[in-house]
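In: Here is my input, please return the structure:
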Amino acid sequence: MSQSVAVREKLLEINEEYRRLNEQHREFESRLTNLTSKPTLSDDEQIEEITLKKKKLQVKDRMEAIARDARAGAS
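Out: Numbers count the residues shown, from 1 in each chain. The predicted structure is shown next:
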């Protein structure tokens, strides 16, 4: 198991913010999957898709910052 996977698993166990962010990321991914499976998107759906992608990236960036801090604290 790589160090990053181990850190992620540990954070999911002990860090409430990381767990919450992980759940949000999964929800955004699920909704994006639903949107991208449609042959065409309405204007509102296109805006939602763009917004979800931005939010998903923000959540992922915050999760990575938490993991980076955890790795730095472990060394």
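In: roughly how far apart are Ile47 and Ser30?
Out: Remark: distance between Ile47 and Ser30 (Cβ to Cβ, to the nearest Å) = 18 Å. Every residue, glycine included, has its C-beta placed from N, CA and C.
In: wait, Ser37
Out: 11 Å.
In: do Ala67 as well
Out: Distance of Ala67 to Ser30, given as Cβ to Cβ: 22 Å.
In: And these two? Which one has more around it.
Out: Counted by other Cβ atoms under 10 Å, Ala67 and Ser30 do not tie: Ala67 has more neighbours, with 18 against 11.
In: give me the low-pLDDT residue ranges for the protein?
Out: Where the chain drops to pLDDT under 70, the residues are 1, 75.
In: Just give me the residue right at the centre of it.
Out: Residue closest to the average C-alpha location in the chain (Cα atoms, centre = their mean): His25, at 3.1 Å.
In: That one touches Gln58, doesn't it?
Out: No. Counting by Cβ atoms under 8 Å, His25 stays clear of Gln58, with 9.8 Å between them.
In: What segments of the protein are strands?
Out: Taking DSSP state E, the chain contains no strands at all.
In: By residue count, what's the longest helix in it?
Out: Counting by DSSP state H, the longest helix found in the chain is helix 43-74.
In: tell me which residues in that helix are buried?
Out: In terms of neighbour count (16 or more other Cβ atoms under 10 Å), helix 43-74 has its buried residues at 49, 52, 55-56, 59-60, 63, 66-67, 70.
In: now stretch 14-22
Out: By neighbour count on 16+ other Cβ under 10 Å, the buried set for stretch 14-22 is 15, 18, 21-22.
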